[in-house]
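>>> generate coordinates for the sequence data below:
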Amino acid sequence: MSNPRLISVIVPTYNRPGTLSAAVASIRALEGTEFQFEILVCDNGQARETQGVADRYDAKYIPVPTKGAGAARNAGLCAAAGEFIGFLDDDDVWLKDHLKGHIELLDSSPGLDAVLGQVVSADSDLNPISDPWPKEHPGEGSALVKKMLSGYFPQIGSLLVRNNARGRIGLFDNQLTGGQDLDWMLRIARQRRLGFVSVPSVLFRTKPDGVFDELYRRRAHFDRVVFLRHATSEWRIWNSPRQFLQAYSGTLSYFFWYFNSIALTHAQSGNPKCALRAIRSAYYVFPLRAFYHTVLGKNLGKALFLALRQSTRQRFSARKKGG
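Modelled structure (predicted):
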């Protein structure tokens, strides 16, 4: 019987020891005769309990003074000693069938540096809320690059990378406080060295609507930066400027529709300040589309009307009390 394959797993964490424990436990649950894990808990938070979680699961604890998931992952990359490197965010969990198909494909395809798997979206309690995605194989080579520059955002928890590919890929870009994982995976894809297996690999915890508006605003900004960084070098994969614009739209559409929806939700909940911020964010993502939806009285138009009316009433009530 051959020796188990050693896999280094990088887990960036920031003040979430509760969810971190479930994440690391899901890694250890896959350990056996086929795999052994070097778990690297890379911490740029301040929660004292984090090191205790790492110790409980025999993980290596690495304090990271620089903020950001990119810096934490870089610390793990520099320390990883396994044949392969995997990743898992501290609020997600690996699924039971992860890794075997990835390693089989890497073993049979020496031209690949890394392999992606499927993702299952979950609610805040890790209850699955989607089928595994993408449902169809996203393609290889230029087709995969095109897919990733048109709205397909692979989840890094589904990725497995050869350790010896680090030199070709480089480190995560610490200047990107959002989208640095997409940027890193695009670097592999653009080298035509990224594969895919149709295996559910990670349970991805989604964010509750309305709670992380500013986070999505920042993500929209950095995903735009990442798109332009890579698309301007890969422009040959599109047959026309129209296709390029469609790809750009696909990259940012999620954020527009999020703010389009949440603006009205905030307004209907009596929160005009949040509603107006969401409207501004929708205009930041797609100004012309936002103007169109405002003028035609769609969600943004309704949200703007309600928010302005509520703000006026609040100011009038404050003056009346003060007077």
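>>> now do stretch 219-227: everything it contacts.
Counting contacts by CB atoms under 8 Å, 6 or more residues apart in numbering, the residues outside stretch 219-227 that touch it are 149, 153, 176-180, 182-183, 186, 247-248, 251-252, 255, 281, 284-285. For the C-beta atoms, the positions are set from N, CA and C on the backbone; glycine is no exception.
>>> again, 7 Å this time
Contact with stretch 219-227 is made by 149, 176-179, 182-183, 186, 248, 251-252, 255, 284-285, as judged by CB atoms under 7 Å, 6 or more residues apart in numbering.
>>> quick one: which of those residues is nearest G170?
If you rank the contacts of stretch 219-227 by distance to G170 using CB to CB, D183 comes first, at 10.3 Å.
>>> so who does the residue nearest to S142 when sequence neighbours are not counted touch?
Of all residues not flanking S142 in the chain, I237 sits nearest, at 5.1 Å (CB to CB, 6 or more residues apart in numbering). By CB under 7 Å, 6+ apart, the contact set of I237 is 142, 145-146.
>>> picking that back up, among the contacts of stretch 219-227, name the ones in helices.
Members of the contacts of stretch 219-227 lying in helices (criterion: DSSP state H): 182-183, 186, 248, 251-252, 255, 284-285.
>>> out of those residues, which two sit at the greatest distance?
L186 and Y284, at 22.8 Å, using CB to CB across these.
>>> would you say E214 is within a strand?
No - read with DSSP: H, G, I helix; E, B strand; the rest coil, E214 is helix and lies in no strand.
>>> ok so, going back, per-residue confidence for the residue nearest to S142?
Here the pLDDT value assigned to I237 is 95.
>>> check G322 too.
pLDDT, G322: 62.
>>> picking up where we left off before, what's the closest of the contacts of stretch 219-227 to P110?
Looking across the contacts of stretch 219-227 and measuring by CB to CB, the closest to P110 is L186, at 21.8 Å.
>>> look up how far W184 lies from S124.
Per CB to CB, to the nearest Å, S124 is found 26 Å from W184.
>>> the two - which one has more neighbours?
Between S124 and W184, counting by other CB atoms under 10 Å, W184 is the more crowded of the two (25 against 12).
>>> wait, isn't the more buried one in contact with L171?
No - W184 lies out of contact with L171 (CB atoms under 7 Å); the separation is 8.3 Å.
>>> in the stretch 201-323 of the chain, what spans have low per-residue confidence?
The model of the stretch 201-323 of the chain has pLDDT under 70 over residues 318-323.
>>> could you pull out the helices for it?
213-231, 241-268, 272-285, 287-295, 299-322 (DSSP state H, counting those that start in this stretch).
>>> go through the ones you listed and pick out the most buried.
When these are scored by mean count of other CB atoms under 10 Å, the highest mean neighbour count falls to helix 272-285 (a mean of 21).
>>> one step back: quick one: the helices of the stretch 201-323 of the chain as JSON lines, columns for distance to Y57 too.
Shown next, in JSON lines, are the helices of the stretch 201-323 of the chain (distance: least, CB to CB, whole Å):
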{"stretch": "helix 213-231", "distance to Y57": "28"}
{"stretch": "helix 241-268", "distance to Y57": "34"}
{"stretch": "helix 272-285", "distance to Y57": "39"}
{"stretch": "helix 287-295", "distance to Y57": "46"}
{"stretch": "helix 299-322", "distance to Y57": "45"}
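>>> quick one: which of the ones in helices among the contacts of stretch 219-227 is nearest to K67?
Taking CB to CB as the measure, K67 lies nearest D183 of those, at 17.5 Å.
>>> contacting residues for the nearest residue to N299 once chain neighbours are set aside?
Leaving out its chain neighbours, the residue that sits closest to N299 by CB to CB, 6+ apart is L264, at 4.5 Å. With contact set as CB under 7 Å, 6+ apart, L264 has these partners: 299, 302-303.
>>> these into CSV, with extra columns for distance to C42?
Converted to CSV, the contacts of L264 look like this (distance: CB to CB, whole Å):
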residue, distance to C42
N299, 40
K302, 44
A303, 40
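>>> go through those residues and say which is closest to T312.
Once CB to CB is applied, the member of the contacts of L264 that ends up nearest T312 is A303, at 14.9 Å.
>>> so who does the closest one touch?
Going by CB under 7 Å, 6+ apart, A303 touches 263-264, 267, 275, 279.
>>> try Q180
69-70, 172-173.
>>> alpha carbons of stretch 144-154, as CSV, please.
The C-alpha trace of stretch 144-154 is given here as CSV (Å, rounded to 0.1, in the frame of the first residue of the first chain):
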residue,chain,number,x,y,z
LEU,A,144,-12.2,28.5,-18.9
VAL,A,145,-10.5,31.9,-18.9
LYS,A,146,-13.4,33.4,-20.8
LYS,A,147,-15.9,31.8,-18.3
MET,A,148,-13.9,33.2,-15.4
LEU,A,149,-13.9,36.7,-17.0
SER,A,150,-17.7,36.6,-17.6
GLY,A,151,-19.1,36.0,-14.1
TYR,A,152,-17.9,32.5,-13.1
PHE,A,153,-16.2,33.1,-9.7
PRO,A,154,-14.7,29.8,-8.5
